[in-house]
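Colleague: below is the structure, and that's it, no one-letter string:
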């Protein structure tokens, strides 16, 4: 901080783990990320990333003159061993900042980056989350469902019978007031929507939030019965699905 209480952009970035959001879809990053994020990213040279290629492409798109070749990138996945995760914090232990980048959206939310954050917390290392788009929260915001209580369930079972049973379980939880949020592999989106329309009670509300922040963005909430006759095509488009109670509050 300088004497006026404002952040000094010329001061060295302190050693910490910085969670760096990326856009959810194609388009200018300026639409979804604050300029301050760029100032934070600029001096970072060590990164833990979900995908090296997409991380490098993101950094170049934001800062054309960013010295990619001076940086180190360690790939992080759900299969990364605990010892390897702990080793990712070595730059911070040496007094340097570490950036964590997801393939899309906010790192550490339904994302392998959570393991680095957990390791940092265990070690007493500061974690700094930056502002950026979260498809989970943005779909909830646009659904009309209650945001006081919600749960993100990740992927549902692939087997059709198991998936139908899981949908009925989630429907019961939604009926008790907890919004249920989940995703599917994009090429199976239409199949999942068709099964929801056929499996859930006619009045149960279903929201499909597709291509959030992208040019094809669509966030629609309808009773399951209306989804049965509605024309839609979410094939290969990133989509978040939500189940809410049979009726929304007036």
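Modeller: Happy to help now that I have it. Treat the numbers as computed from the prediction; the structure is a model and nothing was measured. Numbering: from 1, shown residues only.
Colleague: show me the shaky parts of the chain.
Modeller: Applying pLDDT under 70 to the chain flags residues 1-11, 247-250.
Colleague: and with 80 instead?
Modeller: Residues of the chain that meet the criterion pLDDT under 80 lie in 1-12, 26-27, 246-250.
Colleague: need the strands for it, in chain order.
Modeller: Assigned by DSSP state E, the strands in the chain fall at 17-20, 46-49, 72-75, 98-101, 127-129, 150-155, 179-183, 205-210, 218-223, 239-243.
Colleague: and those, which is most packed in?
Modeller: strand 98-101 (a mean of 28; mean count of other Cβ atoms under 10 Å). For every residue, glycine as well, the C-beta is placed using N, CA and C.
Colleague: which residue ranges of the chain form helices?
Modeller: Counting by DSSP state H, one finds helices in the chain at the ranges 35-41, 52-62, 82-87, 90-93, 113-123, 135-143, 160-175, 189-199, 224-229.
Colleague: packing partners of the longest one?
Modeller: Spelled out, that is helix 160-175. strand 179-183, helix 189-199, strand 239-243 (3 or more Cβ pairs under 8 Å, 6 or more residues apart in numbering; DSSP states H and E).
Colleague: can you check the first one too?
Modeller: With contacts taken as 3+ Cβ pairs under 8 Å, 6+ apart, helix 35-41 sits against strand 17-20, helix 52-62.
Colleague: picking up where we left off before, need the strands of the chain in a markdown table with distance to residue 116, can you?
Modeller: Shown next, in a markdown table, are the strands of the chain (distance: least, Cβ to Cβ, whole Å):
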| stretch | distance to residue 116 |
| --- | --- |
| strand 17-20 | 6 |
| strand 46-49 | 5 |
| strand 72-75 | 9 |
| strand 98-101 | 6 |
| strand 127-129 | 9 |
| strand 150-155 | 19 |
| strand 179-183 | 22 |
| strand 205-210 | 28 |
| strand 218-223 | 31 |
| strand 239-243 | 24 |
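Colleague: so which of these gets nearest residue 37?
Modeller: strand 17-20 (6.7 Å; Cβ to Cβ).
Colleague: re the thing from before, which one of the strands of the chain lies closest to residue 167?
Modeller: Of all the strands of the chain, strand 239-243 sits nearest to residue 167, with 7.7 Å by Cβ to Cβ.
Colleague: nearest to residue 173, of the strands of the chain?
Modeller: Nearest of those (Cβ to Cβ): strand 179-183, 5.8 Å.
Colleague: circling back: need the helices and strands packed on helix 35-41 in TSV (columns: distance to residue 211).
Modeller: Below are the helices and strands packed on helix 35-41 laid out as TSV (distance: least, Cβ to Cβ, whole Å):
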stretch	distance to residue 211
strand 17-20	22
helix 52-62	17
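Colleague: deepest of the ones you listed, which one?
Modeller: strand 17-20 (a mean of 25).
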